[in-house]
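Asks: Kindly generate the corresponding structure for this input.
(chains A and B)
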Amino acid sequence: EVKLQQSGDELVRPGASVKMSCKASGYTFTDYAMHWVKQSPGQGLEWIGTIIPLIDTTSYNQKFKGKATLTADKSSNTAYMELSRLTSEDSAVYYCAREGSWYFDYWGQGVMVTVSS
Amino acid sequence: DIQMTQSPASLSASLGETVTIQCRASEDIYSGLAWYQQKPGKSPQLLIYGASSLQDGVPSRFSGSGSGTQYSLKISSMQTEDEGVYFCQQGLKYPYTFGAGTKLELK
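Replies: The predicted structure follows:
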């Protein structure tokens, strides 16, 4: 069974950074790209970027360049996303999602990030 | 970026009613379209990919159609468990983009 298990919800101070994880199981981690998607409160979905774990290649939405950094650890089948210089605009739920060929066939449960002093 | 415009923003349907949701892309996406269902507090779930291919495990009352810039999702007989928000997504080119969503409620 394919499963993407994300780390827990985060409460962070403005200006700080946060790093979240997405541990994959039930499939060969290096066979699929991993994507990250943002969902702001009551809002739609925004694509942040993707990483191909096999070759550590990343692609980012221009809007999130400098904000998000994607990495992957093949030894632990885990993808990571770090968000930097957080503001209230970054308060949202963040999902990791496996790419099944340009669509997302499996999603993590989401990490809620709250930016507040 | 490719803009995805969904309509309607919300609708309500009776049990057994046929429901249709539309999605228009700002340019030809060559059937590179997926549909997702999201329930409150849950992550989105893939329903349809390639504009018309049904994801494994998804009930056959869901179907997708369309080409070029115009696509639609049809639910042939509304059920209670179909309540939720539906999103379309284009996968032709980066950045992948989503429609704003259609909230479907039971009447």
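Asks: show me where chain B has strands.
Replies: Ranges of strands in chain B, per DSSP state E, are B:4-7, B:10-13, B:19-25, B:33-38, B:45-49, B:53-54, B:62-67, B:70-75, B:84-90, B:97-98, B:102-106.
Asks: could the ones you listed go into a markdown table alongside distance to chain A?
Replies: (Each C-beta comes from the backbone N, C-alpha and C, glycine too.) Listed next are those as a markdown table, based on distance: least, CB to the nearest CB, whole Å:
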| stretch | distance to chain A |
| --- | --- |
| strand B:4-7 | 9 |
| strand B:10-13 | 13 |
| strand B:19-25 | 12 |
| strand B:33-38 | 4 |
| strand B:45-49 | 4 |
| strand B:53-54 | 9 |
| strand B:62-67 | 12 |
| strand B:70-75 | 13 |
| strand B:84-90 | 6 |
| strand B:97-98 | 4 |
| strand B:102-106 | 11 |
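Asks: deepest of those strands, which one?
Replies: Of all these, strand B:33-38 has the most neighbours on average by mean count of other CB atoms under 10 Å in any protein chain shown, namely a mean of 26.
Asks: and it, average pLDDT?
Replies: For strand B:33-38, mean pLDDT rounds to 98.
Asks: what does it rub up against?
Replies: Strand B:33-38 has contacts (CB atoms under 8 Å, 6 or more residues apart in numbering or on different chains) with A:102-104, B:21, B:23, B:25, B:44-51, B:62, B:64, B:66, B:71, B:73, B:82, B:84-91, B:101.
Asks: leaving aside the residues next to it on the chain, what's closest to the most centrally placed residue in chain B?
Replies: Note on chain B: the residue nearest the mean C-alpha position is B:W35, at 3.8 Å, using CA atoms, centre = their mean. Sequence neighbours aside, B:I48 is the residue nearest to B:W35 in space, at 4.2 Å (criterion: CB to CB, 6 or more residues apart in numbering or on different chains).
Asks: Then B:F62?
Replies: Spatial nearest neighbour of B:F62, excluding adjacent residues (CB to CB, 6+ apart): B:L47 at 5.3 Å.
Asks: tell me the contacts of the one you found?
Replies: Counted by CB under 8 Å, 6+ apart, B:L47 has contacts B:A34, B:W35, B:Y36, B:Q37, B:L54, B:Q55, B:V58, B:F62, B:G64, B:L73, B:Y86.
Asks: that's a helix at A:P14, yeah?
Replies: No: assessed with DSSP: H, G, I helix; E, B strand; the rest coil, A:P14 is coil; it does not lie in a helix.
Asks: okay, now it: neighbour count?
Replies: Look at A:P14: counted by other CB atoms under 10 Å in any protein chain shown, it has 12 neighbours.
Asks: my guess is it contacts A:V115, does it?
Replies: Yes: counting by CB atoms under 8 Å, A:P14 touches A:V115, with 5.7 Å between them.
Asks: which neighbours do these two share?
Replies: In contact with both A:P14 and A:V115: A:L86, A:T87, A:S88, using CB under 8 Å, 6+ apart.
Asks: Just the buried ones among these, please.
Replies: In the shared contacts of A:P14 and A:V115, burial by neighbour count holds for A:L86, counting by 16 or more other CB atoms under 10 Å in any protein chain shown.
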